[in-house]
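K.L.:
Task: produce atomic coordinates for the following.
(one chain, ligands or ions: 1)
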Amino acid sequence: MTGHHNFHSESRGYLSAMGKQWLLPLYDPFARFMGISRAHEKLLVRANLQPGQRVLEIGCGTGELLRTLKQRFPEVDALGIDPDLSALRRARRKATRGGLQIQYERAFADDLPLPDDNVDRVLSSFMLHHVPVAEWVPVLREVRRVLRPGGELHVVDLGGSLSGPNGGHPHRSSQAGESLPEQVLAALVDAGLSGARVDGYGRARLGRYVFYSAGAEAGGQSD
Ligand SMILES: C[S@@+](CC[C@H](N)C(=O)[O-])C[C@H]1O[C@@H](n2cnc3c(N)ncnc32)[C@H](O)[C@@H]1O
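P.N.:
Numbering: from 1, shown residues only. Okay, the predicted model is just below:
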């Protein structure tokens, strides 16, 4: 989950799921071992999905979250985007093998190949800490653009609890491979999403993780 930015034939870099491309085949077993599957289940409960909804996952990687989603909610229309073509190849292969209809497209989260007001839910799972903090607001603005009025964003990412008198982690920084809840909440608000909040915490082998949610208000396209 850590590593350097990878530069492939595409000119724009990004931090891939395992940090190094050759480690990608290990991602699914690693993720299961680290407790990511359980976090996926919890995120799906929070997402409050209804049949007929259209759901986008940004930074879908090898497609484990959408695979679980589609198994639980076959009547949801699922789309995943990621800049990593080899992760997408794996995701597509798994969907085909499982007989699951999931659409996967190569894209960066701050430049989504979707029209305005297009999806009911956006999900983001252990993706934010792979994106430079300076890109969070552009990514979240893009999320707001594609969300239909009344739509919701549900995020889970590595991180500690909100700093309090005793609970703070003064040495935490997002460069350490985690996102700070205060920073995530501020970015959600800056991007013009409404009702941004921490939606619970979890703990896995991987470390502590935090759930966030926010919404897109009707007529909220103005900046
Ligand atoms: C740790 S993986 C998480 C994969 C999946 N969401 C999961 O829960 O298993 C992080 C993913 O974010 C993707 N990513 C990195 N930068 C991105 C960006 N700017 N836009 C969209 N996805 C990005 C990586 O390619 C990688 O697949």
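
K.L.:
Helix, strand or coil: sort out Val198 for me.
P.N.:
strand (DSSP: H, G, I helix; E, B strand; the rest coil).

K.L.:
hang on, isn't it packed against Tyr209?
P.N.:
No. Contact criterion CB atoms under 8 Å: Val198 and Tyr209 do not qualify, at 11.2 Å. To be clear about C-beta, it is placed using only N, CA and C from the backbone, and glycine gets the same treatment.

K.L.:
between these two, which one's more packed in?
P.N.:
Tyr209 (26 against 17; other CB atoms under 10 Å).

K.L.:
So what are the sheet partners of the strand or helix carrying the more buried one and their directions?
P.N.:
If you go by DSSP states H and E, Tyr209 is part of strand 207-215. The pairing partners recorded for strand 207-215 under DSSP bridges are strand 147-158 (antiparallel), strand 194-204 (antiparallel).

K.L.:
want to try JSON lines for these, with mean pLDDT and distance to Ala214 as columns?
P.N.:
JSON lines is the format used below for the strands paired with strand 207-215 (pLDDT from 0 to 100; distance: least, CB to CB, whole Å):
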{"stretch": "strand 147-158", "mean pLDDT": "97", "distance to Ala214": "5"}
{"stretch": "strand 194-204", "mean pLDDT": "95", "distance to Ala214": "4"}
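
K.L.:
most packed of those strands?
P.N.:
With neighbours defined as mean count of other CB atoms under 10 Å, the strands paired with strand 207-215 peak in mean count at strand 147-158, which reaches a mean of 22.

K.L.:
would you list every one of the strands in this structure?
P.N.:
Here the chain has its strands, by DSSP state E, at 54-58, 77-82, 102-106, 119-125, 147-158, 194-204, 207-215.

K.L.:
interface residues of the protein facing the ligand?
P.N.:
1, 14-17, 31, 36, 58-61, 64-65, 82-84, 87, 108-109, 125-127, 130-131 (CB under 6 Å from any ligand atom).

K.L.:
cutoff 8 Å now
P.N.:
Contact residues (CB under 8 Å from any ligand atom) of the chain with the ligand: 1, 14-18, 27, 31, 36, 39-40, 57-65, 81-84, 87, 107-110, 124-127, 129-131, 135, 139, 156.

K.L.:
which residue is nearest the centroid of the chain?
P.N.:
For the chain, the residue nearest the mean C-alpha position is Ser124 (1.5 Å; CA atoms, centre = their mean).
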